[in-house]
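Quick check, what structure comes out for this input:
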Amino acid sequence: MLYVVGHKNPDTDSICSAIVLAYFLDGVPARLGGVNPETQFVLKRFGVMEPELIRSAEGKEIFLVDHSEKSQTLEDLEKGKLVGILDHHKIGITTSEPIIYLAKPVGSTATLIGELYFKNTLDIIGGKNKELKPDLAGLLLSAILSDTVLFKSPTTTDIDRKIGKKLAEISGIEDIQTYGMELLKAKSTVGKMAPEEIVKLDYKEFNFNGRKVGIGQVEVIDIGEIQEKKEKIYRILEEKLKEGYDLILFLITDIMKEGSEVLVVGNKEAFERAFNVNLEGKSIYLEGVMSRKKQVVPPLEKYYKEISNKK
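Residues are numbered from 1 along each chain as shown. Take a look at the predicted model:
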């Protein structure tokens, strides 16, 4: 049986892309964690059930979406059969045999699925060009709006906008901006969540030249929603640092102001050099920084590669 699954601590793109791609691949949509409030809103809005929760790859064929980092996927991935990856992030995995691999620098994995559908080329990844039903089109549109932060993120491309418009027509969404704001409000419910939940909401682990780095992110309409919980979040991150991390960053991204306050735990020198800033205290506001993938991971990866080469 083929399982289509996104990364740990799944976001809307990870969940929705798994559901829609599984439909085209005649597979089973799966997830590696709980469904966040924004994704719950989307699934309820379009009347679609949550994917199956799986904890092991053993005995399964696996098709990964929205990630290729080993630290973000099933821990026993090698016990299953990895058949393909569809992603929009950097390459983070090596395989012992050929697989289907398609990645493109666009705003979301959902964009790639939409593009394959509209170009009638799903067959190149083993899929069937079945009819894209309104509910599934709505999932893809929601994933694009979520990952691109309503087309405000620097990861946004013309392809995202073009595919998003086509998906809106099929799904019956007449006003993308209005629906997008509903989506962002659903995303911004962290004020009601416990600090422990907030940390886990969208947390990813990376390996940069042998150094373990964690990067979490939460998107809010107003940073004030989370102001009183920042100190507790910081203490949670300090405890997490003991799990072998060199550095942990937690981005509190203000959607409206288009910037992020970054809590920094661990190797603060690495952060300062990677971003060319002076850190005074526990956090710093980075104007215009909204994308972990495009604006946070690359400078960190570059820094750790440079210090490794100097040894």
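
Show the pLDDT at the spatially closest residue to Lys130 that is not a sequence neighbour.
The spatially closest residue to Lys130, leaving aside those adjacent along the chain, is Phe24, at 6.2 Å (C-beta to C-beta, 6 or more residues apart in numbering). C-betas here are computed from N, CA, C, even on glycine. As predicted, Phe24 sits at a pLDDT of 98.

The host helix or strand of Phe24 packs against which elements?
Using DSSP states H and E, the element containing Phe24 is helix 12-25. Where contact means 3 or more C-beta pairs under 8 Å, 6 or more residues apart in numbering; DSSP states H and E, helix 12-25 is packed against strand 2-5, strand 28-31, helix 37-46, strand 61-65, helix 109-118, helix 134-147.

what comes up buried for that helix?
Neighbour-count burial for helix 12-25, with 16 or more other C-beta atoms under 10 Å as criterion, is recorded at 12-25.

Equivalent analysis for stretch 212-227, please.
212-221, 223, 225-226.

next one: stretch 101-118
Buried residues in stretch 101-118 (16+ other C-beta under 10 Å): 101, 106-117.

Touching, Ile173 and Leu140? I think so.
No - at 11.2 Å, Ile173 and Leu140 do not qualify as touching, with contact defined as C-beta atoms under 8 Å.

The two: who's more crowded?
Ranked by neighbour count (other C-beta atoms under 10 Å), Ile173 and Leu140 place Leu140 first, with 30 against 21.

what residues are up against the more buried one?
Leu140 is in contact with Cys16, Ser17, Val20, Ala110, Thr111, Ile113, Gly114, Ile163, Leu167, counting by C-beta atoms under 8 Å, 6 or more residues apart in numbering.

of these, closest to Lys242?
Set against Lys242, the nearest of the contacts of Leu140 by C-beta to C-beta is Ser17 (33.5 Å).

Serialize the contacts of Leu140 to JSON lines and add fields for distance to Phe271 and pLDDT.
Shown next, in JSON lines, are the contacts of Leu140 (distance: C-beta to C-beta, whole Å; pLDDT from 0 to 100):
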{"residue": "Cys16", "distance to Phe271": "32", "pLDDT": "98"}
{"residue": "Ser17", "distance to Phe271": "31", "pLDDT": "98"}
{"residue": "Val20", "distance to Phe271": "37", "pLDDT": "98"}
{"residue": "Ala110", "distance to Phe271": "31", "pLDDT": "98"}
{"residue": "Thr111", "distance to Phe271": "31", "pLDDT": "98"}
{"residue": "Ile113", "distance to Phe271": "35", "pLDDT": "98"}
{"residue": "Gly114", "distance to Phe271": "36", "pLDDT": "98"}
{"residue": "Ile163", "distance to Phe271": "35", "pLDDT": "98"}
{"residue": "Leu167", "distance to Phe271": "38", "pLDDT": "98"}
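
from the residues you listed, which single one is nearest Glu50?
For the contacts of Leu140, the residue nearest Glu50 by C-beta to C-beta is Cys16; the value is 11.0 Å.

Distance check, that closest one against Gly172.
Between Cys16 and Gly172 the distance is 16 Å, computed by C-beta to C-beta, to the nearest Å.

and if you look at Asp222?
For Asp222, the distance to Gly172 equals 30 Å [C-beta to C-beta].

what sits against the closest residue in space to Gly180 that isn't next to it in sequence?
With sequence-adjacent residues excluded and distances taken as C-beta to C-beta, 6+ apart, Gly180 is closest to Leu150, at 4.0 Å. Listed by C-beta under 8 Å, 6+ apart, the contact partners of Leu150 are Gln177, Gly180, Met181, Leu183, Leu184, Ile255.

Can you tell me which of these has the lowest confidence score?
Per-residue pLDDT puts Leu184 lowest of the contacts of Leu150, at 83.

count of neighbours near that one?
Close neighbours of Leu184, defined as other C-beta under 10 Å, add up to 20.

Please apply the same query to the one 3 residues further on.
Residue neighbour count, defined by other C-beta under 10 Å, stands at 26 for Lys187.

I'd say it and Glu219 touch.
Yes - using C-beta under 8 Å as the test, Lys187 is close enough to Glu219 to be in contact (5.6 Å).

Just the element for Glu205, please.
Using DSSP H and E, Glu205 maps to strand 203-208.

next structured bit after that strand?
strand 211-220.

That following strand pairs with which strands?
Note on strand 211-220: by DSSP bridges, its sheet partners are strand 203-208 (antiparallel), strand 247-254 (parallel).

now stretch 233-251, how far from the chain's geometric center?
Centre-to-centre, stretch 233-251 and its host chain are 19 Å apart (C-alpha atoms, centre = their mean, to the nearest Å).
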